[in-house]
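Student: how would this look folded up:
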Amino acid sequence: MGNMRYLTETHLKGFERYKYNSIDTSFLSVYVMHPFWNVCVKYVPMWMAPNILTFVGFLMTVVNFILIAYYDWNFDAANDKEVGNTVPGWVWTVAAINILIYYNLDGMDGKQARRTGTSGPLGELFDHGLDSYSAALIPIYIFSLFGTEDLPPLRMFFVIWNVFLNFYFTHVEKYNTGVMFLPWGYDFTMWGVSIMLFLATLVGPEIYRTSFYGFTIANMFEIGLIGSGILSSHPFIIRNIYLSYKNKTGKMRPMMEMLRPFFAFLWLFVITTIWSFYSRNNVIEKEPRILWILYGTIFSNIACRLIVAQMSDTRCDGFNILMWPLAATVGVCCFPWYEQVFDMDLTEQGERWLVQGLTIFVTLAHWHYGYGVVTEMCNHFNIHCFKIKKQPVNAVQELAEINLTAPPEPVEEV
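Tutor: Sure thing, here's the model as predicted:
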């Protein structure tokens, strides 16, 4: 594995030709956040690499996951209404602040790259790749507000898949149009999650266990999440892809090639759905948190490979290699004739070990993929991921003059 290469010469040549192209029409992003980030980024040292901002922001989401998991591993801290949510109040405040740090650093890293003259395909790939991992981590925080009484693990499963779809669909759109249409829902979701976590401290997390004629806050959360995608994202993505092909401004791929990014995504959905419904030991109720990390890690790997394909203008994968061990494990855990064939049954502890072992393997494989891709790109472009190469004095002076005289940055940036 040490000498394994993930990028071909075709990928690297495609990255050389790549030029970032995006459109942001969210009024919150354009009129509030971008002006705020333009001010904030001026206080970031010029020697600080943009990828440091990206990585620190991502680490905030990891800290949140670990912190909340420590106090509520099984999502049952909110289940007893009389006792109340047993997660300490300060945890929600820390989690809310960390989400805002992640969100703002995610908005500032591209500006820091342009400010330091280090913009390039590595930064975008690094940014969106880590975002794909955060897509699994962030919803998990909210689950601890509701507990398994109001939001059972099976419904958590579909909430997470809705988040996956919202993230992935945007990159399918770019794969076919060549343009990143930044979704409106992202900014509102980040602020919404932060406000929910702050309210858990100020008012008490018990407010999220209230119900109105049997309709719970968890129900509202699910409907709002699904509705935001249907109303503010999916129709516009379909329209943008359609218009790009109609006006011949898109990639003009045949129908099956246009839909190819969905193949791996749908395979993962089908396999994980089978496991969720047909596990012999109902593992989704026993190890939900581990399962979300397992599914999120494989999803992130699929998304990262799609991002590599769209940025290098190459054909995306129709199947992900990490789904082979997943499919084999699901086959073992859902095999219906254990007692007839083996004269024994798969124990609950045995299935837990399989889930945990597969999660460790998949996580290490995905980390190796990420490290390999970043290393190969750094070697190809002769750059460092977390360090800005020292520029000649005249280049530094020229860059400073450009930054002083350049007009305001366009809103189509991240």
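Student: Could you report the neighbour count for M190?
Tutor: 20 (other CB atoms under 10 Å). Using the backbone N, CA and C atoms, a C-beta is placed for each residue, glycine as well.
Student: mind listing what it touches?
Tutor: With contacts defined as CB atoms under 8 Å, 6 or more residues apart in numbering, M190 is in contact with 99-100, 102-103.
Student: Could you identify the most distant pair in these?
Tutor: Within those, L100 and Y102 form the most distant pair, 7.3 Å apart (CB to CB).
Student: what separates F169 from I230, distance-wise?
Tutor: Distance check for F169 against I230: by CB to CB, to the nearest Å, it reads 11 Å.
Student: actually T61, sorry about that
Tutor: Applying CB to CB, the value for T61 to I230 is 25 Å.
Student: Between the two, point out the one with more neighbours.
Tutor: T61 (24 against 12).
Student: Can I get the helix or strand hosting the more buried one in PDB, CA atoms only?
Tutor: T61 is part of helix 50-71, with elements assigned from DSSP states H and E. Output of helix 50-71 as PDB, limited to C-alpha atoms (Å, rounded to 0.1, in the frame of the first residue of the first chain):
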ATOM      1  CA  PRO A  50      -5.000  28.200   3.300                       C
ATOM      2  CA  ASN A  51      -5.200  24.400   3.900                       C
ATOM      3  CA  ILE A  52      -4.400  25.000   7.600                       C
ATOM      4  CA  LEU A  53      -7.600  27.000   7.900                       C
ATOM      5  CA  THR A  54      -9.500  24.200   6.100                       C
ATOM      6  CA  PHE A  55      -8.000  21.500   8.300                       C
ATOM      7  CA  VAL A  56      -8.500  23.400  11.600                       C
ATOM      8  CA  GLY A  57     -12.100  23.900  10.600                       C
ATOM      9  CA  PHE A  58     -12.600  20.200   9.900                       C
ATOM     10  CA  LEU A  59     -11.000  19.300  13.200                       C
ATOM     11  CA  MET A  60     -13.600  21.400  15.000                       C
ATOM     12  CA  THR A  61     -16.300  19.000  13.600                       C
ATOM     13  CA  VAL A  62     -14.200  16.000  14.800                       C
ATOM     14  CA  VAL A  63     -13.900  17.500  18.300                       C
ATOM     15  CA  ASN A  64     -17.600  18.000  18.400                       C
ATOM     16  CA  PHE A  65     -18.200  14.400  17.400                       C
ATOM     17  CA  ILE A  66     -15.800  13.100  20.100                       C
ATOM     18  CA  LEU A  67     -17.100  15.400  22.800                       C
ATOM     19  CA  ILE A  68     -20.800  14.600  22.300                       C
ATOM     20  CA  ALA A  69     -20.100  10.900  21.700                       C
ATOM     21  CA  TYR A  70     -18.300  10.800  25.100                       C
ATOM     22  CA  TYR A  71     -21.500  11.900  26.900                       C
END
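Student: list the helices and strands that helix packs on?
Tutor: Using 3 or more CB pairs under 8 Å, 6 or more residues apart in numbering; DSSP states H and E, the elements in contact with helix 50-71 are helix 89-116, helix 121-150.
Student: what angle separates the last one from helix 89-116?
Tutor: With axes from the mean of the first three to the mean of the last three CA atoms, to 10 degrees as the criterion, the two stretches helix 121-150 and helix 89-116 enclose an angle of 160 degrees.
Student: Buried ones in helix 121-150, by neighbour count?
Tutor: 121-148, 150 (16 or more other CB atoms under 10 Å).
Student: do the same with the first one
Tutor: Using 16+ other CB under 10 Å as the test for burial, helix 89-116 gives 91-92, 94-96, 98-116.
Student: what angle do that helix and helix 50-71 make?
Tutor: Taking the same axes, to 10 degrees, one finds helix 89-116 and helix 50-71 inclined to each other by 170 degrees.
Student: In TSV, list the helices and strands packed on helix 50-71 along with distance to E348 and mean pLDDT.
Tutor: Shown next, in TSV, are the helices and strands packed on helix 50-71 (distance: least, CB to CB, whole Å; pLDDT from 0 to 100):
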stretch	distance to E348	mean pLDDT
helix 89-116	30	95
helix 121-150	17	93
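Student: Dump those to CSV, plus distance to D76.
Tutor: Listed next are the helices and strands packed on helix 50-71 as CSV, based on distance: least, CB to CB, whole Å:
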stretch, distance to D76
helix 89-116, 15
helix 121-150, 6
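Student: To L197, which of the ones you listed lies closest?
Tutor: Going by CB to CB, the one of those nearest L197 is helix 89-116, 3.6 Å.
Student: and that closest one, how far from the chain's centre?
Tutor: 15 Å (CA atoms, centre = their mean, to the nearest Å).
Student: quick one: the helices in the stretch 251-400 of the chain?
Tutor: Ranges of helices within the stretch 251-400 of the chain are 255-259, 261-278, 283-286, 288-312, 323-334, 338-342, 348-381, 393-405, based on DSSP state H, counting those that start in this stretch.
Student: Single out the most deeply packed of the ones you listed.
Tutor: Among the helices of the stretch 251-400 of the chain, the stretch with the highest mean neighbour count (mean count of other CB atoms under 10 Å) is helix 288-312, at a mean of 23.
Student: pLDDT at the most far-flung residue of the chain relative to its centre, what is it?
Tutor: In the chain, the residue that sits farthest from the middle, by CA atoms, centre = their mean, is D343; the gap is 42.8 Å. With respect to pLDDT, D343 scores 71.
Student: ok, now the one 10 residues further on?
Tutor: What the model reports for W353 is a pLDDT of 96.
Student: who's in contact with it?
Tutor: Per CB under 8 Å, 6+ apart, neighbours of W353: none.
Student: Check the gap between it and I298 for me.
Tutor: 19 Å.
Student: what does T201 give?
Tutor: 34 Å.
Student: Likewise for I383?
Tutor: Applying CB to CB to I383 and I298 gives a distance of 29 Å.
Student: that older thread, for N281, find the nearest of the helices and strands packed on helix 50-71.
Tutor: Using CB to CB, the nearest of the helices and strands packed on helix 50-71 to N281 is helix 121-150, at 16.7 Å.
Student: by how many degrees do that closest one and helix 348-381 diverge?
Tutor: Using the same axes, to 10 degrees, helix 121-150 lies at 160 degrees relative to helix 348-381.
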